[in-house]
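[1] My questions concern the predicted model and sequence given below.
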Amino acid sequence: RRAVAAARRAARPSWRTEVGFVSDVAPSAAPTSAPRRDARGDPGGGANMKAARGPARGNMKRQRQHPRQHHGDDEHDLRDWDLKTVERWQKEGAQLVMAITTKGMQGVMKQEVLDRYSRDAVSMSGRVCFPLAADASIPVLHSASRVVRIFAFAFESDLRDIRNGADMYEGLERFAGNAARQRIRAAVDPAVLAAAAAEDRPLRFTVRCRANIQGAEKTAFCEGIDFPELKGSIRQSLQRATGWTLEGRSLFVDVTVVAFFGTDHFVLGVEAPDFPPTDTFAPFSWSDVPRPGMEANLAGAMAVLAAAAARPSCGGIVVDPTCGMATLLIASARAWPRPTDTGARVAPLRLVGWDRDPKQLEKAHTNFEAVGLDTSGLHLGDSTAEDAFADFADGSVDAFVCDFPSGAQYKAGSDFDDYDRYMSLAARLVRPGGRCVLLTLCVDHLAKTAAPGPWQLLHSWELTRGADYLGAFHLVVLEREGSVAR
C-alpha cells in the first residue's frame, strides 16, 4: 500500500506546481554520512573500548530495544553553518532552546519563533534550536510538542576529546557531569525547585535518550559503542553531579532530562512543563483538554498561522467546517492574541464548528466545557448546507481552519465536490485579509478548487503524521484577496 501511494504521488501532474502548491522547503541534496569511528576516534569499524566495559552487544538487540526510522534528507544533522551559528550563540552566553515538532513543520516553528520572540532559529533533524536571553522565562510555542532548555551542547571538538580519552564512557560521564553541576539548575523551572525545597527533599528525575537518526551515536563516537550503556553513563553522571533521585519511570518525576545524539553533536536539556500562554484569549494547557482529536502541536501550528489574521481592535471569528472534536478551534482560542486596545469594549473570540457525526460533536462539547469555552458555536450537520451560515454576513470571518477528512471512513468528505463546496464557503465567509489554513491529503483537489478563487498562496508545507497515515499531508495557508463577492 505504501509503494502504491508513493507511485501515485510521483505520478501527479505538473499543474500542481503551476498553481503554486509547492513546499516552502526546497529539497536538499543527498547527504553524505560522516565516517564511523573506532573507540579511539579513528575512522574504521573497531570497538577498542576498555575490556572492563565488555564486548559490544549485537546490533539486532539494540535495534529491537530502540527502534528508529530514517525519515529522509531533512532528518540528517545540522549543516556546518548551522552548527557554527549554534556554537556562536553558546559563546555569546545565550540560553539555547530546542523545540520538537512534527516532521516537515520546522518552517512553521521557525516563523513562530521569529514572530513571538524576534529570534532566528536553525533546523536540526526534525527539531528547531534558537537562542534566548540567559534570564528569559521558558517560552511557549504552539507549534511545538515539547520545548527543551539546553544546558549542554557538545560540538565536534568536544566529541573528539571524548573519543580520544582512555575510556569514552568515562569521558562522556565527565562532560555530562560538569555541565550538570554548572548549568542544569538554571534550566529547571523555578517553581519546581521551590516545591522540592519546601518539602525538604531532592528532585526526582528521569533521562530520555534519543538518536536523531538510526546509528547516529555510532558515527559520533564509534562503531562498537553500546547504546544502553551510553544511556546508563549519562544517568549515573547526572545523579552523581546533582544528588537528585533517579527514577526509572517518568510518571512521578519533577524533571525530565532529554539527551539527543547526532552524528556530529550531542545535546542535554531539561524538558519544560506545559505552560499555558498568558497573552491569548484562552490561557489553558493542553493537559486540560480531555480528548484532543489531532496532534496538539499540529493544531497549534495551524492556529498560530490563522491567528496572524487577527485584528488588534476586535475579537474575531474562526470557523472550522469539519471540526470533529474541535481541536483546531481549541487551539485557535489558545493562540488567538488578546486585543492591544484595552480601553475599547471588545467582543469575545467567536468559535464556530460544524460536524456530521454526533459522537464527534459530543466530544467537542466535552473539550470546550473542560477549558471554559462557549459551546453555542458548535453545530451538528453539514456546514455546506444552504442555511448553515445564513446568519453570517459575507466577509465576516477572520480565519477558516480545516483538517480535511481523509481515508475510507470519510469518503463523503474527501471527494472533489466536497472540496469545491468547502472552498466556495470559505470564499463567501472570509474577509479580505483573512486566512484559510488547511491540512489535506488530497492536495490535487485543494489546488483545483482554490485556484479559481480569490486566494493568494502564502505558504505550503509537506509533512508527515506518523505510521498510521499513508501519504504526505500538505499544510496550506491562503489569504483572501480583493473585495467580497456579493
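    Yep, it's here.

[2] Touching, residue 418 and residue 382? I think so.
    No: using CB atoms under 8 Å, residue 418 makes no contact with residue 382, being 9.7 Å away. Bear in mind the C-beta positions are built from the backbone N, C-alpha and C, glycine included.

[3] These two: who's more crowded?
    Between residue 418 and residue 382, residue 418 has the larger neighbour count (other CB atoms under 10 Å), namely 22 against 17.

[4] three-state assignment of the more buried one?
    Three-state call for residue 418 (DSSP: H, G, I helix; E, B strand; the rest coil): helix.

[5] quick one: it from residue 140, how far?
    35 Å (CB to CB, to the nearest Å).

[6] What ranges does the stretch 301-450 of the chain have for its helices?
    Here the stretch 301-450 of the chain has its helices, by DSSP state H, counting those that start in this stretch, at 327-335, 358-370, 416-429, 443-450.

[7] The stretch 51-200 of the chain now?
    Under DSSP H, counting those that start in this stretch, the stretch 51-200 of the chain gives helices at 59-65, 80-91, 106-117, 156-164, 168-187, 190-198.

[8] Rounded mean pLDDT for the first one, please.
    Predicted confidence along helix 59-65 averages 29 (mean pLDDT).

[9] Next: the fourth one.
    pLDDT averaged over helix 156-164 equals 90, rounded to a whole number.

[10] could you say what helices and strands the top strand by length along the chain packs with?
    Secondary structure of the chain per DSSP state E: the longest strand is strand 430-440. Judged by 3 or more CB pairs under 8 Å, 6 or more residues apart in numbering; DSSP states H and E, the packing partners of strand 430-440 are helix 296-307, strand 397-403, helix 443-450, strand 473-480.

[11] quick revisit: and the helices of the stretch 301-450 of the chain, which is most packed in?
    helix 327-335 (a mean of 28; mean count of other CB atoms under 10 Å).

[12] Tell me which other helices or strands that one touches.
    Right, helix 327-335 is packed against helix 296-307, strand 317-320, strand 350-355, helix 358-370, strand 397-403 by 3+ CB pairs under 8 Å, 6+ apart.

[13] Mean pLDDT and distance to residue 219 for the helices and strands packed on strand 430-440 - can I get that in JSON lines?
    What follows is the helices and strands packed on strand 430-440, written out as JSON lines (pLDDT from 0 to 100; distance: least, CB to CB, whole Å):
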{"stretch": "helix 296-307", "mean pLDDT": "93", "distance to residue 219": "28"}
{"stretch": "strand 397-403", "mean pLDDT": "96", "distance to residue 219": "37"}
{"stretch": "helix 443-450", "mean pLDDT": "90", "distance to residue 219": "35"}
{"stretch": "strand 473-480", "mean pLDDT": "93", "distance to residue 219": "31"}
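
[14] Can you tell me which of those is nearest to residue 215?
    Closest to residue 215 of those is helix 296-307 (CB to CB; 26.7 Å).

[15] got a list of what the nearest residue to residue 110 once chain neighbours are set aside touches?
    Of all residues not flanking residue 110 in the chain, residue 121 sits nearest, at 4.5 Å (CB to CB, 6 or more residues apart in numbering). Taking CB atoms under 8 Å, 6 or more residues apart in numbering as the criterion, residue 121 is in contact with 109, 110, 113, 114, 128, 129, 130.

[16] cutoff 6 Å now
    Residues in contact with residue 121 (CB atoms under 6 Å, 6 or more residues apart in numbering) are 110, 113, 128, 130.

[17] What separation is there between it and residue 131?
    9 Å.

[18] list the buried ones in stretch 104-120?
    For stretch 104-120, the neighbour count (16 or more other CB atoms under 10 Å) marks 104, 105, 106, 107, 108, 109, 110, 111, 112, 113, 117, 119 as buried.

[19] Of the residues you listed, which is the nearest to residue 282?
    residue 112 (17.8 Å).

[20] Distance of the most centrally placed residue in the chain relative to residue 264?
    Taking CA atoms, centre = their mean, the centroid of the chain lies closest to residue 101, which sits 1.8 Å from it. According to CB to CB, residue 101 stands 22 Å off from residue 264.

[21] what does residue 172 give?
    Distance, residue 172 to residue 264, using CB to CB: 15 Å.

[22] Likewise for residue 208?
    For residue 208, the distance to residue 264 - CB to CB - is 21 Å.

[23] So if I had to pick from those two, which one is more boxed in?
    Neighbour count, other CB under 10 Å: between residue 208 and residue 264, residue 264 has more, with 18 against 12.

[24] and residue 193, how many residues sit next to it?
    Residue 193 has 14 neighbours, counted by other CB under 10 Å.

[25] What is the neighbour count of the nearest residue in space to it that is not next to it in sequence?
    Distance criterion CB to CB, 6+ apart; nearest residue to residue 193, sequence neighbours excluded, is residue 185 at 6.8 Å. By the measure other CB under 10 Å, the count of residues near residue 185 is 15.

[26] Okay, residue 185 and residue 192: tell me how far apart.
    Plainly put, residue 185 is 10 Å away from residue 192 if you go by CB to CB.

[27] got it, and residue 239?
    According to CB to CB, residue 239 stands 17 Å off from residue 192.

[28] Ok, residue 146 next?
    16 Å.

[29] swap in residue 179?
    Taken as CB to CB, the span from residue 179 to residue 192 is 19 Å.

[30] okay, these two: which has more neighbours?
    Per other CB under 10 Å, whichever of residue 179 and residue 192 has more neighbours is residue 179, with 19 against 15.

[31] which residues does the residue nearest to that one when sequence neighbours are not counted form a beta bridge with?
    Spatially, and ignoring its direct neighbours in sequence, residue 179 is nearest to residue 152 (3.5 Å; CB to CB, 6+ apart). Following DSSP bridges, residue 152 is listed with bridge partners residue 268.

[32] what about residue 152, neighbour count?
    Count around residue 152 with other CB under 10 Å applied: 23.

[33] Ok, the one 5 residues further on next?
    Taking other CB under 10 Å as the neighbour definition, residue 157 ends up with a count of 8.

[34] before we move on, back to that, I'd like to know how far the residue nearest to residue 193 sits from residue 137.
    Using CB to CB, residue 185 is found at 15 Å from residue 137.

[35] Equivalent analysis for residue 350, please.
    Counting by CB to CB - residue 350 and residue 137 are separated by 31 Å.

[36] Between these two, tell me which one has more neighbours.
    Per other CB under 10 Å, whichever of residue 350 and residue 137 has more neighbours is residue 350, with 16 against 13.

[37] List the contacts of that one.
    If you count contacts by CB under 6 Å, 6+ apart, then residue 350 has residue 317 around it.

[38] got the helices and strands packed on strand 430-440 as TSV, with distance to residue 247 columns?
    Converted to TSV, the helices and strands packed on strand 430-440 look like this (distance: least, CB to CB, whole Å):
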stretch	distance to residue 247
helix 296-307	25
strand 397-403	37
helix 443-450	45
strand 473-480	37
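
[39] nearest to residue 251, of those?
    Among the helices and strands packed on strand 430-440, the nearest to residue 251 by CB to CB is helix 296-307 (19.8 Å).
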